[in-house]
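J.: sequence and predicted model, in that order:
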Amino acid sequence: MKVITRFAPSPTGYLHVGGARTALFSYLYARHHGGQFELRIEDTDTERSTEASVNAIFEGMEWLGLEYDSEVKYQSKNLARYHEVIDQLLENDQAYYCDCSKERLDKIREQQMKSGEKPRYDGKCRELGLKKSTDTIIRFKTPQTGEVKFKDHVRGEITVANTELDDLVIARADGMPTYNFSVVVDDADMGITHVIRGDDHINNTPRQINIYQALGLSVPEFAHVPMILGDDGARLSKRHGAVSVMQYSEDGYLPEAVLNYLVRLGWSAGDQELFTKEEMVKLFDLSGVNRAPSSFNTGKLNWINQQYMQQADSSRLAELLQKRLAVLGVVFDENIDLLAVVEMFKDRAQTINELAEMGLFLLQPITTYDEKAEAKAFTESAIASLKAVIDKCEVIDDWSNADLHQLI
């Protein structure tokens, strides 16, 4: 069987760290097995989906080097296909029209919660044979007996009784399909064999499997990866710092370092910490994904980035430094050798931005100084010593560390 995975983000914001890790795991699993990795944009939420968010996803994927194998799929361009499958379910008595009002559904939910029951639709319209109208939605007829069993590559065997599931909505009154339905049609049509996604989707899986089976489709394998937490144990959010992938680019991190850090968030291969992309592809397997949530540690990311900066080609770092200085509005003499600045600080700086801060005094003229510090430090003997060093430096030919040390 040829492995085909996908990353299917909703374009309602930036590409965040959790999404990027899911994309990376899906990418690595496909590449490890010589399969395909696909990108699908789930943009049926017309009120929240934006072109800017779509572009942010593309930009983040490109920066991380996560190449997909086919043209990008858009759910918004697949509506005719969804309606075709919905009609099939209606014709086969596997779906039905429902005209229950929001007020009725809210009342049922309130009563169920008061009595300690799990909130769910009561099936009032299931056998009424209602016809389509401007107010009707479409619900899937969930089997009323039996159970759904599947083996999750991270969680193990999972069993859910169908009596725990209600008849989920598969199309709204305006005809727009819902997530749990459209994702099944898309994954089946794209030939997806392995669905790797966050564990916040795990409760959707039994519902989706029932739709697969109703349509006579092959059910893919699933792997639900744990969430990413902040250092305080809460779910990672903006208040923990940068969560947008491209924000890390702006903050001076190298893409290969971010990729390395992301793969270690919830996956391990022995004690190895640093991985090239090729090593990730070779070693990655879902059996190495942990069940427990991972905590995002900025200090660890900084350390990994520092290792990659120390190994990076200095000319590449000089180009990145130049871009950072432009963002800061720093104008410096074109005769200044940025490569030399990089060589001086690359072993100490943890990010490109930190490298820029360290080298700033070499790039800009000193226009102010601390008068008290000057009075304390620049004594007559100190000035005489500095002048002597300057005189010797003016005639030296070899600026090696050893010769300078001996001279001074």
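T.: Perfect, I can see it now.

J.: can you tell me the average pLDDT over stretch 386-402?
T.: The pLDDT scores in stretch 386-402 average 79.

J.: give me the contacts around that stretch.
T.: Stretch 386-402 has contacts (CB atoms under 8 Å, 6 or more residues apart in numbering) with 403-404, 407-408. C-beta here means a position set from N, CA and C on the backbone, and glycine is covered the same way.

J.: can you give me the strands in this protein?
T.: Per DSSP state E, the chain carries strands over the ranges 4-7, 36-41, 73-74, 95-98, 137-140, 147-152, 156-161, 169-171, 194-198, 221-225, 228-229, 294-295.

J.: off-centre distance for the last one?
T.: Using CA atoms, centre = their mean, to the nearest Å, the mean C-alpha position of strand 294-295 is found 14 Å from that of the whole chain.

J.: which helices and strands does that strand pack with?
T.: strand 228-229 (3 or more CB pairs under 8 Å, 6 or more residues apart in numbering; DSSP states H and E).

J.: what does the strand it packs on contact?
T.: 17-18, 21, 235-236, 265-266, 293-296.

J.: try 6 Å this time
T.: 18, 236, 265, 293-296 (CB atoms under 6 Å, 6 or more residues apart in numbering).

J.: now that strand: mean pLDDT?
T.: 90.

J.: if we can go back for a sec, nearest to residue 82 among the contacts of strand 228-229?
T.: residue 18 (26.8 Å; CB to CB).

J.: can you tell me how far that closest one sits from residue 31?
T.: Distance of residue 18 to residue 31, computed by CB to CB, to the nearest Å: 21 Å.

J.: now the terminal residues of stretch 153-173, how far apart.
T.: 36 Å (CA to CA, to the nearest Å).

J.: now that stretch: average pLDDT?
T.: On average, stretch 153-173 scores 95.

J.: for that stretch, the distance to its chain's centre please.
T.: With CA atoms, centre = their mean, you get 25 Å for stretch 153-173.

J.: now tell me what touches it from outside.
T.: 86, 120-121, 123, 135, 137-140, 142-143, 146-152, 177-178, 180-181, 206-207, 223-224, 286, 289.

J.: dump the contacts of stretch 386-402 into JSON lines; add neighbour count and distance to residue 66 as well.
T.: As requested, the contacts of stretch 386-402 are arranged in JSON lines below (neighbours: other CB atoms under 10 Å; distance: CB to CB, whole Å):
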{"residue": "403", "neighbour count": "12", "distance to residue 66": "49"}
{"residue": "404", "neighbour count": "14", "distance to residue 66": "47"}
{"residue": "407", "neighbour count": "13", "distance to residue 66": "52"}
{"residue": "408", "neighbour count": "10", "distance to residue 66": "51"}
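
J.: which one of these sits closest to residue 189?
T.: Closest approach to residue 189 among the contacts of stretch 386-402 (CB to CB): residue 404, at 68.7 Å.

J.: which non-adjacent residue is nearest the closest one?
T.: residue 396 (7.5 Å; CB to CB, 6 or more residues apart in numbering).

J.: now the one you found: how far from residue 117?
T.: Counting by CB to CB - residue 396 and residue 117 are separated by 87 Å.

J.: now swap in residue 39 and tell me
T.: Taken as CB to CB, the span from residue 39 to residue 117 is 41 Å.

J.: who's more crowded, the two?
T.: residue 39 (22 against 11; other CB atoms under 10 Å).

J.: for the closest residue to the more buried one other than its chain neighbours, grab the count of nearby residues.
T.: Leaving aside its chain neighbours, residue 39 sits nearest to residue 68 (4.1 Å; criterion: CB to CB, 6+ apart). By the criterion of other CB under 10 Å, residue 68 has 20 neighbours.

J.: now for residue 68: which residues touch it?
T.: Here residue 68 is in contact with 37-39 (CB under 6 Å, 6+ apart).

J.: still on that earlier bit, of the contacts of stretch 386-402, just say which sits nearest to residue 316.
T.: The closest of these, once distances to residue 316 are taken by CB to CB, is residue 404, at 28.2 Å.

J.: from residue 220, how far off is the closest residue to residue 25 other than its chain neighbours?
T.: Among residues not flanking residue 25 along the chain, residue 196 sits closest, at 5.2 Å (CB to CB, 6+ apart). Distance from residue 196 to residue 220, counting by CB to CB: 10 Å.

J.: okay, these two: which has more neighbours?
T.: residue 196 (27 against 22).

J.: ok, the more buried one - contacts?
T.: 5, 25-26, 223.

J.: show me the domain layout of this structure.
T.: As assigned by automatic domain parsing, the chain contains the domains 1-72+226-311, 313-407.

J.: keeping just the C-alphas, turn the helix or strand of the chain with the lowest mean pLDDT into PDB.
T.: Across the helices and strands of the chain, mean confidence by mean pLDDT, DSSP states H and E is lowest for helix 401-407: a mean of 74. Extracted as PDB, the C-alpha positions of helix 401-407 are listed here (Å, rounded to 0.1, in the frame of the first residue of the first chain):
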ATOM      1  CA  ASN A 401      45.400  36.200  17.900                       C
ATOM      2  CA  ALA A 402      48.900  35.000  18.900                       C
ATOM      3  CA  ASP A 403      50.700  38.100  17.500                       C
ATOM      4  CA  LEU A 404      48.200  40.500  18.900                       C
ATOM      5  CA  HIS A 405      48.500  38.900  22.300                       C
ATOM      6  CA  GLN A 406      52.300  39.100  22.300                       C
ATOM      7  CA  LEU A 407      52.200  42.700  21.100                       C
END
